[in-house]
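Engineer: let's see this in three dimensions:
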Amino acid sequence: MFENLSEKLQRAFKNLRGQGTLNEENIQEALKEIRMALLEADVNFKVVRELIENIRQKSLGTEVMTALSPAEQVVKVVHDELVNLLGKDTAKLKFGSQPPTVVLMAGLQGSGKTTTSGKLAYWLKNGGHRPLLVSVDVYRPAAREQLKVVAQGIKAQLYEGQVEEPNTATVERLAKEARREAVNSGCDVLIVDTAGRLHIDEQLMEEMQSLKKLLNPQEILFVADAMTGQDAVNSAKDFHDKLSLTGVVLTKMDGDARGGAALSIRQVTGAPIKFIGISEKSDGLEPFHPDRIVSRILGMGDILSLIEKAEAKLDKKKAEEFAGKALSGEGFSLADFRDQLRQVKKLGSMQSILGMLPRIGPFANLQQVADKVDEKELVRVEAIINSMTPYERDHHESINGSRRKRIARGSGTSVQEVNHLLRQYAQMRKMFKSMSRSGFMNKRMAGLKLPGM
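Structural biologist: Numbers count the residues shown, from 1 in each chain. The predicted structure follows:
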């Protein structure tokens, strides 16, 4: 979601390259572009004003390293100031000394509270916890049913309870019963999905304050839709003033929002961002790392997050087997090729993967590459390989004209597309075989203990 902001900041830094030293004149021009980039990204104007002044003072001050070029100096200062703005350290979830830890989910209707509650439960389960979900939204039709569907999808425990009258007394009773159920069933975290409104009103705040007093939660997380920009920031501030939020969850960070909410919400509310929603899937919730987000904004990439995602989602054994076959000279089959495509798809869209790589050197034009990637092409490739027989996958040279027609019909593609895939596959085999014969990859990969190397 930060592509436009990143592009405009890069333009501002580029104009400083070639300058001998930083002075009031050239820094002022760069700051003007940075200011416009931030305002167009929907960052709160007060936050922008303070941020720009801090950057100006430190860029011209003695704190800047003299060994850096003017552009590098400004990039360093902007990086440090943005990290300060978002919070230097990753804000972690707080757990109580006595279970269950209570997490109260707050937010307006439509912000994604229910879905985020399920994602948080999934994230906690993967971390070795036993969460219990409960919905106390007794007003919105099918709200409790929605959480039930979410809980079933991630195989998390859910307390349903009975609703007689849609009022605050029923809400409090459900909350009490759910906490008792968490204790009895050995659940160490209770996630309470609360009611939302289309706007903030007294009834909503009174009910939230009542739940806070009743449950004494360790965490009160405000769920904000990043697509709503400054409206999300203003709503978060109102909730924080009444409830003293302990953290914020920004949803729909994989969308095309301008990113202003992410850069404003901590400064305006004082509550740290603890999680971000990166997809609609159950595993689409990640801890918020300020330094990594800033690196992505400045075009430095986010290699750490990419590595963590790969470690969590990829099958290491299959990856090693594929590398061993490809680099040992044995070659790899079309079935192996398909398995690797499936591995890559587990990491998310190609746009999200390329967005984590630094935009420098050979990766400078990654955004243009990402925009041209057709995600459906991977689906078509897998369909073509699936339409082959096991023998054909292992012996690609056996695929003659009649077989290609059959494979095209079976996969819903054309013979030309089948031919294109087979040519690409043959080129890859030839390339790996050439590397293996020359010993190039053996020298390059000498430190890795892969099968067959």
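Engineer: okay, now the unreliable bits of this structure?
Structural biologist: 1-4, 15-23, 61-72, 254-259, 299-331, 345-375, 433-453 (pLDDT under 70).
Engineer: just want the most central residue of it.
Structural biologist: Residue closest to the mean C-alpha point of the chain, counted by C-alpha atoms, centre = their mean, is Ile278 at 3.6 Å.
Engineer: for that residue, grab phi and psi.
Structural biologist: Dihedral pair for Ile278: phi -110, psi 0, per degrees, to the nearest 10.
Engineer: return the distance of it relative to Ala226.
Structural biologist: For Ile278, the distance to Ala226 equals 11 Å [C-beta to C-beta, to the nearest Å]. To be clear about C-beta, it is placed using only N, CA and C from the backbone, and glycine gets the same treatment.
Engineer: what do the two both touch?
Structural biologist: Overlap of the contact sets of Ile278 and Ala226 (by C-beta atoms under 8 Å, 6 or more residues apart in numbering) consists of Met253.
Engineer: which positions within the host helix or strand of Ala383 qualify as buried?
Structural biologist: Per DSSP states H and E: Ala383 is located in helix 375-386. Buried residues in helix 375-386, counted by 16 or more other C-beta atoms under 10 Å: Leu378, Arg380, Val381, Glu382, Ala383, Ile384, Ile385.
Engineer: for the next helix or strand after it, packing partners?
Structural biologist: As assigned by DSSP H and E, the chain's next helix or strand after helix 375-386 is helix 390-394. Contacts defined by 3 or more C-beta pairs under 8 Å, 6 or more residues apart in numbering; DSSP states H and E place helix 390-394 against helix 334-346.
Engineer: what comes up buried for the helix it packs on?
Structural biologist: Applying a neighbour-count criterion of 16+ other C-beta under 10 Å, one finds Leu334, Asp336, Phe337, Arg338, Asp339, Gln340, Gln343 buried in helix 334-346.
Engineer: now swap in stretch 6-15 and tell me
Structural biologist: Ser6, Lys8, Leu9, Gln10, Ala12, Phe13.
Engineer: Glu164: which of the residues you listed is nearest?
Structural biologist: Ranked by distance to Glu164 (C-beta to C-beta), those are led by Ser6 at 52.7 Å.
Engineer: what does the domain assignment say about the chain?
Structural biologist: Structural domains assigned to the chain are 3-86, 101-288, 314-444, following automatic domain parsing.
Engineer: same list, those domains, but as CSV with distance to Lys92 please.
Structural biologist: Below are the domains of the chain laid out as CSV (distance: least, C-beta to C-beta, whole Å):
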stretch, distance to Lys92
domain 3-86, 15
domain 101-288, 7
domain 314-444, 22
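Engineer: what's the most buried one of the ones you listed?
Structural biologist: Among the domains of the chain, ranked by average contacts under mean count of other C-beta atoms under 10 Å, first place goes to domain 101-288 (a mean of 20).
Engineer: between the buried residues of helix 375-386, which is nearest Arg429?
Structural biologist: Ile385 (14.4 Å).
Engineer: residue contacts, Ala262?
Structural biologist: Ala262 makes contacts with Met1, Leu86, Ala226, Leu250, Met253, Ile273, Ile276, Ile293, as judged by C-beta under 8 Å, 6+ apart.
Engineer: hmm, the third one is touching Leu263, no?
Structural biologist: Okay, so that is Ala226. No. Counting by C-beta atoms under 8 Å, Ala226 does not reach Leu263; the two are 10.5 Å apart.
Engineer: ok, the helix or strand where Leu250 lies: who's next to it in the sheet?
Structural biologist: Assigned by DSSP H and E, Leu250 belongs to strand 247-251. Using DSSP bridges, the strands paired with strand 247-251 are strand 219-225 (parallel), strand 273-277 (parallel).
Engineer: export the ones you listed to JSON lines and append columns for distance to Met208.
Structural biologist: Formatted as JSON lines, the strands paired with strand 247-251 follow (distance: least, C-beta to C-beta, whole Å):
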{"stretch": "strand 219-225", "distance to Met208": "8"}
{"stretch": "strand 273-277", "distance to Met208": "18"}
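Engineer: among those strands, which comes closest to Arg173?
Structural biologist: strand 219-225 (20.4 Å).
Engineer: SS state for the closest residue to Asp238 other than its chain neighbours?
Structural biologist: Spatial nearest neighbour of Asp238, excluding adjacent residues (C-beta to C-beta, 6 or more residues apart in numbering): Ile200 at 5.1 Å. Under DSSP: H, G, I helix; E, B strand; the rest coil, the three-state class of Ile200 is coil.
Engineer: what sits against Ile200?
Structural biologist: Contacts of Ile200 (C-beta under 8 Å, 6+ apart): Leu108, Ser235, Asp238, Phe239.
Engineer: which of the three states applies to the second one?
Structural biologist: To tie it back to what came earlier, the one meant is Ser235. Classification of Ser235 by three-state DSSP places it in helix.
Engineer: that one touches Leu108, doesn't it?
Structural biologist: Yes. With contact defined as C-beta under 8 Å, Ser235 reaches Leu108; the gap is 5.7 Å.
Engineer: tilt between the helix or strand where Glu206 lies and strand 219-225?
Structural biologist: For Glu206, the host element (DSSP H and E) is helix 202-215. Using axes from the mean of the first three to the mean of the last three C-alpha atoms, to 10 degrees, the direction of helix 202-215 lies 150 degrees away from that of strand 219-225.
Engineer: from the contact counts, what lies against helix 202-215?
Structural biologist: strand 101-106, helix 168-185, strand 189-193, helix 230-243.
Engineer: how about the CA coordinates for that helix, as CSV?
Structural biologist: Output of helix 202-215 as CSV, limited to C-alpha atoms (Å, rounded to 0.1, in the frame of the first residue of the first chain):
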residue,chain,number,x,y,z
GLU,A,202,-22.7,7.2,23.9
GLN,A,203,-24.4,3.8,24.1
LEU,A,204,-21.4,2.2,22.4
MET,A,205,-18.9,3.8,24.6
GLU,A,206,-20.8,3.1,27.8
GLU,A,207,-21.1,-0.5,26.9
MET,A,208,-17.3,-0.7,26.1
GLN,A,209,-16.5,1.0,29.4
SER,A,210,-18.8,-1.5,31.2
LEU,A,211,-17.0,-4.4,29.6
LYS,A,212,-13.6,-2.9,30.5
LYS,A,213,-14.6,-2.6,34.1
LEU,A,214,-16.1,-6.1,34.2
LEU,A,215,-13.3,-8.0,32.5
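Engineer: before we move on, the earlier item: Val74: which of the contacts of Ile200 is nearest?
Structural biologist: Relative to Val74, the closest of these is Ser235; by C-beta to C-beta it sits at 33.6 Å.
Engineer: out of the contacts of Ala262, which comes closest to Val78?
Structural biologist: Checking the contacts of Ala262 one by one against Val78 (C-beta to C-beta), the nearest turns out to be Leu86, at 12.5 Å.
Engineer: contact partners for the closest one?
Structural biologist: With C-beta under 8 Å, 6+ apart, Leu86 has these contacts: Ala262, Leu263, Arg266, Ile273, Phe288, Pro290, Ile293, Val294.
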